[in-house]
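Undergrad: Model the structure of this input:
(one chain, ligands or ions: 3)
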Amino acid sequence: MITVEQAWHIIQNQTRDYGTEAVAFERSLGRILAEDILADRDMPPFDRVTMDGIAINYTDFAGGNRSFTIAGTQAAGDEPLRGSKPDHCVEIMTGAVLPEGFDTIIRYEDVLITGNHAEVIVENIRRGQNIHNKGKDKQQGDVVAAKGRVISPALISIIASVGKTNVLVKKFPKVVIISSGDELVEVDETPAIYQIRRSNNYTIKAILQQQGLQIDMVHIPDEPNVTRDEISRCLDNYDVILLSGGISMGKFDYIPQALEEVGVTKLFHKVRQRPGKPFWFGANDKGVLVFAFPGNPVATFMCVHRYFLPWLQDTLGLLTQKRYAVLAADFTFEPDLEYFLQVQTTMAPDGRTMATPLAGNGSGDFANLADTDAFLQLPADRTDFEAGEVFELFQFNRN
Ligand SMILES: Nc1nc2c(c(=O)[nH]1)N[C@H]1C(S)=C(S)[C@@H](COP(=O)(O)OP(=O)(O)OC[C@H]3O[C@@H](n4cnc5c(N)ncnc54)[C@H](O)[C@@H]3O)O[C@H]1N2
Ligand code: MOO
Ligand SMILES: [Mg+2]
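TA: Ligands and ions are numbered 1, 2, ... in the order given. Sure, this is the predicted structure:
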């Protein structure tokens, strides 16, 4: 049986390029930028006043003058006043362009205005103070935001300020979730005593919605012909199929055989891990990928976070960093499998991320997932894990 790392490498070798698309910039939050955003003008585009007060020519002040005649007022958005004279000043507002002949702004707090005169009442004035100079942040044509970044609220302000109404982003793959199982009824149905409502498919959908993906859902019974037909139809209409359930050793686990019958080549089946050991992964000759996750809810959930989201991030060209956390309490796990230990994380005052184990009652205990926010990947070759040791962390339940 392959290890988690081997499984991940096989999946990583199947990243795809789904191209790019233009979207309205107001709808681009969270998408991956697929073009460099250039400054269309210098930033700031003019010498921008940063305090409400008066504009003077510093030479007048240096020559000993403290009382200035107010020659006019200039608000933000006004054209710059012209024709300055010695010992004149202009009342000026934050965001206004610096008028010709002036080079220094003194805030209202440091002047006394009487009639049309302004007297400067402080001595520590610097030439050029309170002005955000043209081009100081970026020059016209500079890359302000490089492609490959997630579009954050800060990037939205850059995109808006350079006047891009549409922005090029990475296209998402078309994804469908197929759940299976005769014991599963719809959410609005009342299950018989031996049935349950389906939930894995909604969880996967929600995880992908957090990434900005819209996805379709299909449910199939444990019946080989329907299983084959539905998978076949989805192979023709989607880039990625996510399955949940029907891949283990049960008499009615038809999925692996059906996948191979409809031309999906198995790249692996079973990984040395808990939960999620029966995980099946493959691709057809058109490049459609199939992630068939084990049906137990925690197994599906973990596999989506451990394999599918990293694949999606790689596919979209997103640079990601591994995360680590400190195990906060001793923990023992005996089987010769890598273990995805559910934890609650906290930030300690010394800056470390602490992970408190909350193992739950196995991979059917999805109630436990709501009380945890991450899992630690514990290696297979050991049994005892001690408080203070550091392991790789995979976060979920993020908002
Ligand atoms: N003889 C063996 N039996 C099992 C093994 C094994 O190695 N040998 N592995 C176990 C492990 S580990 C897992 S995980 C499960 C995987 O089972 P399947 O992928 O075949 O999934 P199902 O049998 O269809 O369902 C398992 C379990 O999950 C529930 N389920 C399935 N889909 C959903 C859904 N959409 N929403 C909510 N719950 C769902 C289902 O009702 C079952 O309770 O196999 C073990 N068996
Ligand atoms: O993968 Mo199974 O989830 O260990 O029950
Ligand atoms: Mg089964």
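Undergrad: contacts and neighbour counts: CA atoms only from here.
TA: Will do.
Undergrad: Now do the same contact list for the closest residue to R126 other than its chain neighbours.
TA: Leaving aside its sequence neighbours, R126 sits nearest to T104 (Cα to Cα, 6 or more residues apart in numbering; 7.5 Å). T104 makes contact with 55-58, 126-131 under the criterion Cα atoms under 8 Å, 6 or more residues apart in numbering.
Undergrad: Doesn't H9 lie inside a strand?
TA: No: read with DSSP: H, G, I helix; E, B strand; the rest coil, H9 is helix and lies in no strand.
Undergrad: now that we have the contacts of T104, which one has the most neighbours?
TA: A55 (30 neighbours; other Cα atoms under 10 Å).
Undergrad: For the stretch 1-150 of the chain, which residue gets nearest to ligand 1?
TA: Here the stretch 1-150 of the chain gets closest to ligand 1 at one residue, M1, 11.9 Å apart by Cα to the nearest ligand atom.
Undergrad: Quickly list what the residue nearest to R126 is bridged to.
TA: Applying DSSP bridges to T104 gives these bridge partners: I56.
Undergrad: any idea how far T114 is from it?
TA: Using Cα to Cα, to the nearest Å, we find T104 at a distance of 20 Å from T114.
Undergrad: Give me the pLDDT for the residue nearest to R126.
TA: Note on T104: pLDDT of 98.
Undergrad: This protein - how does it break down into domains?
TA: Domain segmentation of the chain under automatic domain parsing yields 4-18+173-315, 20-40+143-170, 48-132, 323-395.
Undergrad: Could I get those domains in a markdown table, plus columns for distance to ligand 1?
TA: Output for those, formatted as a markdown table (distance: least, Cα to the nearest ligand atom, whole Å):
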| stretch | distance to ligand 1 |
| --- | --- |
| domain 4-18+173-315 | 3 |
| domain 20-40+143-170 | 27 |
| domain 48-132 | 56 |
| domain 323-395 | 7 |
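Undergrad: can you put the ones you listed in JSON lines and add distance to ligand 3?
TA: As requested, those are exported to JSON lines (distance: least, Cα to the ion, whole Å):
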{"stretch": "domain 4-18+173-315", "distance to ligand 3": "5"}
{"stretch": "domain 20-40+143-170", "distance to ligand 3": "36"}
{"stretch": "domain 48-132", "distance to ligand 3": "66"}
{"stretch": "domain 323-395", "distance to ligand 3": "12"}
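Undergrad: So which of these is nearest ligand 2?
TA: Closest approach to ligand 2 among these (Cα to the nearest ligand atom): domain 4-18+173-315, 3.1 Å.
Undergrad: buried stuff in stretch 79-91?
TA: Neighbour counts over stretch 79-91 (16 or more other Cα atoms under 10 Å) mark 81, 84, 87-91 as buried.
Undergrad: just stretch 3-20 next, same as before
TA: Residues of stretch 3-20 classed as buried: 3-4, 7-8, 11-12, 14-16, 20 (neighbour count, 16+ other Cα under 10 Å).
Undergrad: can you tell if that stretch touches ligand 2?
TA: No: against ligand 2, stretch 3-20 shows no contacts by Cα under 6 Å from any ligand atom, the least distance being 12.9 Å.
Undergrad: what distance separates the start and the end of that stretch?
TA: 34 Å.
Undergrad: Give me the residues contacting it.
TA: By Cα under 8 Å, 6+ apart, stretch 3-20 touches 34, 168-173, 267-268, 271-273, 281, 307, 311-312, 314-316, 338.
Undergrad: before we move on, back to that, show only the entries of the buried residues of stretch 3-20 found in strands.
TA: Judged by DSSP state E, strands contain the following of these: T20.
Undergrad: Need the buried residues of stretch 3-20 in JSON lines (columns: pLDDT and distance to A328).
TA: Listed next are the buried residues of stretch 3-20 as JSON lines, based on pLDDT from 0 to 100; distance: Cα to Cα, whole Å:
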{"residue": "T3", "pLDDT": "98", "distance to A328": "26"}
{"residue": "V4", "pLDDT": "98", "distance to A328": "24"}
{"residue": "A7", "pLDDT": "98", "distance to A328": "28"}
{"residue": "W8", "pLDDT": "98", "distance to A328": "27"}
{"residue": "I11", "pLDDT": "98", "distance to A328": "31"}
{"residue": "Q12", "pLDDT": "97", "distance to A328": "31"}
{"residue": "Q14", "pLDDT": "97", "distance to A328": "36"}
{"residue": "T15", "pLDDT": "95", "distance to A328": "35"}
{"residue": "R16", "pLDDT": "94", "distance to A328": "38"}
{"residue": "T20", "pLDDT": "97", "distance to A328": "43"}
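Undergrad: Which pair of the buried residues of stretch 3-20 spans the longest distance?
TA: Greatest spacing in the buried residues of stretch 3-20, by Cα to Cα: T3 and T20 (33.8 Å).
Undergrad: what about the helices in the stretch 51-200 of the chain?
TA: Per DSSP state H, counting those that start in this stretch, the stretch 51-200 of the chain carries helices over the ranges 58-62, 153-161, 200-210.
Undergrad: Ok, which of those helices comes nearest P221?
TA: Among these, helix 200-210 sits nearest to P221 (Cα to Cα), with 14.2 Å.
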